[in-house]
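Asks: Predicted coordinates and the sequence they were generated for:
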Amino acid sequence: MSLIMMILPLLAGIGLSVQSAVNGTLGRQIGTIESAFFTFFTGAIVLTIVVNFFGQGNMLNLHEVPRWQLLCAIFGVIYLSLMVLAVPKIGVTSAVISVIVGQLLASMAIDHFGWFESVVVPFGWKRLIGVVLMLAALYFVFREKRSDEQQAASTAA
Amino acid sequence: MTKLFIYAAAIIAGMSLSIEAAIGGALGERIGELESTYYIFIIGAMATFLVTLFFGKGNLKQIFTVPRWNLTGGLLGVVYLALLVISVTLIGVGVSVTAVIVGQIVMSMVIEHFGLLGAQRIRLNANRLIAAGLLAVSFILIL
């Protein structure tokens, strides 16, 4: 596995983190659902240009792919809707931790069972220890923050 | 009890992100990775447009008055999803999503350390350095 391939998803994660910060700020001004729409809308505009210049596939094949593959678009919307529901009730920090737990659970299961035409990567001891260490890391990152938020919530209530 | 449901909802939200990446990657193999990302954004824009029309309580017009950097979320979303879909087809979902999480946490520690992008300032401390070390080891194990 070459280093360059690892850099792609790391950059994706950096993009996602900057995006949450930016969209959090925008959402407070124009509303959460509105900022989600604005994000998809401007992203679609950017991609209209990018796909025209750099796209090497064929959009028209959309009509020939297995129908279940078209469902990928729904999951992004499910994610956003559930976050809009969860964040005000349990706070950003708890929501982010739960999301990461969900991301890990599902991606390890998909690899293990080879769902959605993916290559099978069995869930062994190494991955189990990796997941546990990841959860330990989350604990250390969010330790103080979470108690801050809970205090703020209890004084507010 | 209801709180438990909310936590479950947030976990399902995270699962949705991984499923989106996995199916987006599978679709990318047939129609192209950028095209797959494009498709997700178009459907996402249409769906959230309807939701905004019927349930929106905010004010979209404010986009003309907020600082310009607040408007870059779409571009960042494209960077995230396109890179993720490409890497899923190259190295699989598990490793890709793990790398995304590592990049995400490290970057949010950087953002908070410097108090960038309107975030509350939280300096790097012992806890956060331990976390960074654990993340690195965990990443190597999951590879």
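Replies: Great, that's in hand.

Asks: which stretches of chain B aren't confidently modelled?
Replies: Within chain B, the stretches falling below the threshold (pLDDT under 70) are B:1.

Asks: now residue A:34: how far from chain B?
Replies: Spatial separation of residue A:34 from chain B under the definition C-beta to the nearest C-beta, to the nearest Å is 4 Å. C-beta here means a position set from N, CA and C on the backbone, and glycine is covered the same way.

Asks: Name the SS class of that residue, please.
Replies: The assignment at residue A:34 comes out as helix when based on DSSP: H, G, I helix; E, B strand; the rest coil.

Asks: try residue B:120
Replies: coil.

Asks: repeat for residue B:141
Replies: On the basis of three-state DSSP, residue B:141 is classed as helix.

Asks: residues contacting it?
Replies: With contacts taken as C-beta atoms under 8 Å, 6 or more residues apart in numbering or on different chains, residue B:141 has the following neighbours: A:126, A:127, A:129, A:130, A:133.

Asks: Can you list which of the residues you listed are found in helices?
Replies: Secondary-structure check on those using DSSP state H: residues within helices are A:126, A:127, A:129, A:130, A:133.

Asks: Within reach of chain B, which of those residues are there?
Replies: Cross-checking the ones in helices among the contacts of residue B:141 against chain B (C-beta under 8 Å from any C-beta of the partner chain) gives A:126, A:127, A:129, A:130, A:133 as the overlapping residues.

Asks: Next, format those residues as TSV and append pLDDT.
Replies: As requested, these are exported to TSV (pLDDT from 0 to 100):
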residue	pLDDT
A:126	91
A:127	92
A:129	93
A:130	92
A:133	93
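
Asks: I only care about the residues you listed that end up buried; give me the PyMOL line for that.
Replies: Buried residues within those, by 16 or more other C-beta atoms under 10 Å in any protein chain shown, are selected in PyMOL with:
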select buried, chain A and resi 127+130+133
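
Asks: Just send the ones next to chain B among the ones in helices among the contacts of residue B:141 back as CSV, with distance to residue A:83 too.
Replies: Supplementary listing: those in CSV, determined by distance: C-beta to C-beta, whole Å:
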residue, distance to residue A:83
A:126, 31
A:127, 27
A:129, 29
A:130, 26
A:133, 26
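
Asks: Identify, from the ones next to chain B among the ones in helices among the contacts of residue B:141, the entry nearest to residue B:79.
Replies: For these, the residue nearest residue B:79 by C-beta to C-beta is residue A:130; the value is 25.6 Å.

Asks: So the closest one is in contact with residue B:136, correct?
Replies: No - under the contact definition of C-beta atoms under 8 Å, residue A:130 does not touch residue B:136, with a separation of 10.9 Å.

Asks: Common neighbours of the two, please.
Replies: Common contacts of residue A:130 and residue B:136, defined by C-beta under 8 Å, 6+ apart, are absent altogether.

Asks: which residues of chain A fall in helices?
Replies: Taking DSSP H, the helices of chain A run over residues A:3-30, A:32-54, A:72-90, A:92-113, A:125-156.

Asks: Much appreciated, bye for now.
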